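Visitor: Return a 3D structure for these sequence lines:
(one chain, ligands or ions: 1)
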Amino acid sequence: MEKTVVLIKPDGLQRGLVGQIMHRFERKGLKLVGVKMIQLNDEILDTWYVHHKEKPFFPELKKYMSWTPIVAMVWEGVEAIAAVRKIVGTTKGREAEAGSIRGDFGMSGQQNLIHASDSVESANKEISLMFKPDELFNYISAEDVLIYGEEERSL
Ligand code: CMP
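Guide: Numbers count the residues shown, from 1 in each chain. Next up, the predicted model:
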């Protein structure tokens with residue numbers, strides 16, 4: 001099973017969308033294996049967004065992401081990274097598909113409510129930046145037998 005990191009960004013928290021956003025992943029059949037609130041600082045944001053460091057919007061992005069605490073989560077499932085990105089939708093809320101989180105709740109390209117890992121490498125990096133090993137949980141979900149076939153459960 002894959003693990004993927006989701007952050008509910010400061011605008012998602014301020015707009016009272018935490019419950020609705022988490023519900024989208026729960027109802028899909030993804031398994032929550034870690035969750036906490038965290039205040040992002042310069043150090044973590046410089047590492048997290050290293051690939052955006054030279055972009056003109058980088059200072060603004062850091063200001064936005066450290067505006068309030070964020071909610072960090074790890075969700076698990078078969079091909080969870082791709083499945084979660086579909087639920088999240090494309091970057092700009094005003095262009096994102098209706099039915100996706102960004103498509104349903106947002107208009108902005110910056111204040112786009114949510115982050116999701118884009119690859120196994122990013123997910124591993126983001127998990128180690130955001131969570132200590134004892135903050136992630138390995139447990140059997142009673143729902144697994146309903147959500148997956150037998151072969152899929154061993155992936
Ligand atoms: P995300 O795709 O999760 O990660 C990079 C973030 O940078 C993105 O969400 C937006 O929050 C922000 N971002 C991307 N493009 C722009 C832009 N052109 N102007 C401002 N912020 C942006």
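Visitor: Next, name the residue at the spatial heart of this protein.
Guide: residue 6 (1.2 Å; Cα atoms, centre = their mean).
Visitor: Could you check what's spatially nearest to it, not counting adjacent residues?
Guide: residue 73 (4.7 Å; Cβ to Cβ, 6 or more residues apart in numbering). For glycine as for every other residue, the C-beta is placed from the backbone atoms N, C-alpha and C.
Visitor: Is that neighbour in a helix, a strand, or coil?
Guide: Classification of residue 73 by DSSP: H, G, I helix; E, B strand; the rest coil places it in strand.
Visitor: For it, list each beta-bridge partner.
Guide: With DSSP bridges as the criterion, residue 73 is bridged to residue 6, residue 35.
Visitor: isn't it right next to residue 5, touching?
Guide: Yes - Residue 73 is within contact range of residue 5, at 7.2 Å (criterion: Cβ atoms under 8 Å).
Visitor: follow-up on the earlier one: dump the residue contacts of the residue nearest to residue 6.
Guide: For residue 73, the contacting residues are 5-8, 22, 25, 32, 34-35, by Cβ atoms under 8 Å, 6 or more residues apart in numbering.
Visitor: how close does it sit to the ligand?
Guide: Using Cβ to the nearest ligand atom, to the nearest Å, one gets 14 Å for the distance from residue 73 to the ligand.
Visitor: try residue 69
Guide: In terms of Cβ to the nearest ligand atom, residue 69 sits 16 Å off from the ligand.
Visitor: Same check on residue 71?
Guide: Counting by Cβ to the nearest ligand atom, the gap from residue 71 to the ligand is 14 Å.
Visitor: close enough to count as contact, the residue nearest to the centre of the chain and residue 75?
Guide: Yes - contact criterion Cβ under 8 Å: residue 6 and residue 75 qualify, at 6.0 Å.
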